[in-house]
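S.K.: return a 3D structure for these sequence lines:
(chains A, B, C and D)
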Amino acid sequence: MLITIKYFGQIAEVTQKDEEQIEISEGLISELLSTLNTKYSDLKHKDFQIAQNQELVNLETELTGDEIALLPPFAGG
Amino acid sequence: MLITIKYFGQIAEVTQKDEEQIEISEGLISELLSTLNTKYSDLKHKDFQIAQNQELVNLETELTGDEIALLPPFAGG
Amino acid sequence: MKDKKPKNVFREGPISSDFIGNSIYKHQTKTSIGAHNIFLGQVRADEIDGKVVSAIEYTAYEDMANQKFYEIREAAFEKFELTCMHIYHSLGTVKIGEICLFVFVSSPRRKVVFEALEFIVEAIKADVPVFGKEIFEDNSHQWKKNT
Amino acid sequence: MKDKKPKNVFREGPISSDFIGNSIYKHQTKTSIGAHNIFLGQVRADEIDGKVVSAIEYTAYEDMANQKFYEIREAAFEKFELTCMHIYHSLGTVKIGEICLFVFVSSPRRKVVFEALEFIVEAIKADVPVFGKEIFEDNSHQWKKNT
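M.R.: Presented below is the predicted three-dimensional model:
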């Protein structure tokens, strides 16, 4: 399936883009992350959380095809 | 000695004045209060604290001749 | 930012939103500040036994009150790492919806301002000889009492 | 005063003292309010390894952030007896001394506003996907992280 992935803050500095679409087979968040780690080798040095459909998820969560976002540490306020 | 007494809020409603001077012999705050209770009979129904020289005092405190104030419940803010 | 002696905390009448906005503006030159916390006391249209409050008339034992405000200020600077602190209280008539108390604390970090502001406001309510006459719409009155 | 769906909390650039003053002014018609509490986040000129911050550039995952602000708002109305609540956060460049966060709560009574404001500010810091790029005077940068 085709997944939209958004990158923010220092993660977008690593990926050099704010957003992209990736074709990936069904599976877990961890599998998507492996794909991204291969594509962007500096990602593994970065601290981030993953949101799917605007909710934080963990590596064992099933990919649903909703929008994914890689979120570096929050700095609001 | 001559003592200046200040009245505030609902206490000033009882005494019908904001301030007066009273001639009283040396002694305790309790003795001054007896004098005032005699002079203003409604005082004993009222809730108030007494300050001498701008500090709260109790009935056993010695009269110093500094300014006395009768302070009803605080309502700042 | 400590003052050496009590200054006058009282203002005649209500404290305007312009005054508060301007006070915030003046702190924008202080670039060590990361967090401000502001408390505003506003006069409520309380209904008591079927009568509605229309204003509060504030009086105070001014010398003692300013001394108490000063002591509260000193205690707050002692307890908390504050960059600045301001307190203003109304005297005279303040109508419902108008502001009668403005407390403003600033610090590099946020945890401090929450603790400091509550400490200061509670101390003002408990320790400062200010008196409030609640005026009803029919011009009768009762005396306010902090709880 | 509850909103049915997330509204946009973000404002482009700093939040002005006029905007805050005006927001206070608008609450003077709400005569059930007795206490307001306001938190302001201001950008600090932090010195880090000899370099001084001159501004923060804020970005956010806006849809999720507005959803989180909405959830925080709903939780606060659920937990505390509030008359109203307003949250504004900057996006884009906010210079040192300027205000990037404005949280405003109002209630009939004061105890409630202290608890509610701290709850809301802590939740914003922890749960809302906002990102801050600290720009130094030499135009280098580092990424801010809430603690």
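S.K.: tally of neighbours for A:Pro57?
M.R.: You called it Pro, but residue A:57 is Val. For A:Val57, the count of nearby residues is 18 (other C-beta atoms under 10 Å in any protein chain shown). C-betas here are computed from N, CA, C, even on glycine.
S.K.: please name the bridge partners of it.
M.R.: Note on A:Val57: beta-bridge partners by DSSP bridges are A:Ile50.
S.K.: the residue of chain A found nearest chain B in helix, strand or coil?
M.R.: Relative to chain B, the nearest point of chain A is A:Gly77 (27.4 Å; C-beta to the nearest C-beta). With DSSP: H, G, I helix; E, B strand; the rest coil as the basis, A:Gly77 sits in coil.
S.K.: and for it, the neighbour number?
M.R.: 25.
S.K.: do A:Thr38 as well
M.R.: Using other C-beta under 10 Å, A:Thr38 has 9 other residues around it.
S.K.: one more: A:Met1?
M.R.: Counted with other C-beta under 10 Å, A:Met1 comes out at 11.
S.K.: how far away is the nearest residue to it once chain neighbours are set aside from chain C?
M.R.: Leaving aside its sequence neighbours, A:Met1 sits nearest to A:Gly65 (C-beta to C-beta, 6 or more residues apart in numbering or on different chains; 4.8 Å). Between A:Gly65 and chain C the computed distance is 39 Å (C-beta to the nearest C-beta, to the nearest Å).
S.K.: counting neighbours, what do you get for A:Gly65?
M.R.: 14.
S.K.: for it, what are its contacts?
M.R.: Counting by C-beta atoms under 8 Å, 6 or more residues apart in numbering or on different chains, A:Gly65 makes contact with A:1-3.
S.K.: which one of these is nearest C:Ser107?
M.R.: Using C-beta to C-beta, A:Ile3 comes nearest to C:Ser107 of the contacts of A:Gly65, at 44.2 Å.
S.K.: tell me where chain C has strands.
M.R.: Along chain C, the stretches classed as strands by DSSP state E are C:10-12, C:35-42, C:47-48, C:51-60, C:84-95, C:99-107, C:130-136, C:141-143.
S.K.: spatially central residue for chain C, please.
M.R.: C:Leu101 (2.9 Å; C-alpha atoms, centre = their mean).
S.K.: find the nearest non-adjacent residue to whichever residue of chain C sits closest to chain A, please.
M.R.: Closest approach of chain C to chain A (C-beta to the nearest C-beta) occurs at C:Arg110, with a separation of 7.7 Å. Closest residue to C:Arg110 apart from its sequence neighbours, by C-beta to C-beta, 6+ apart: C:Ala35 at 4.0 Å.
S.K.: nearest residue to residue 22 in space, please, no chain neighbours.
M.R.: Just going to use chain A. For A:Ile22, the spatially nearest residue (C-beta to C-beta, 6+ apart) is A:Ile3, at 5.4 Å.
S.K.: wait, chain C
M.R.: Nearest residue to C:Asn22 in three dimensions, chain neighbours excluded: D:Ser17, at 7.0 Å (C-beta to C-beta, 6+ apart).
S.K.: got a list of what that neighbour touches?
M.R.: D:Ser17 touches C:21-22, C:24-25, C:28, D:99, counting by C-beta under 8 Å, 6+ apart.
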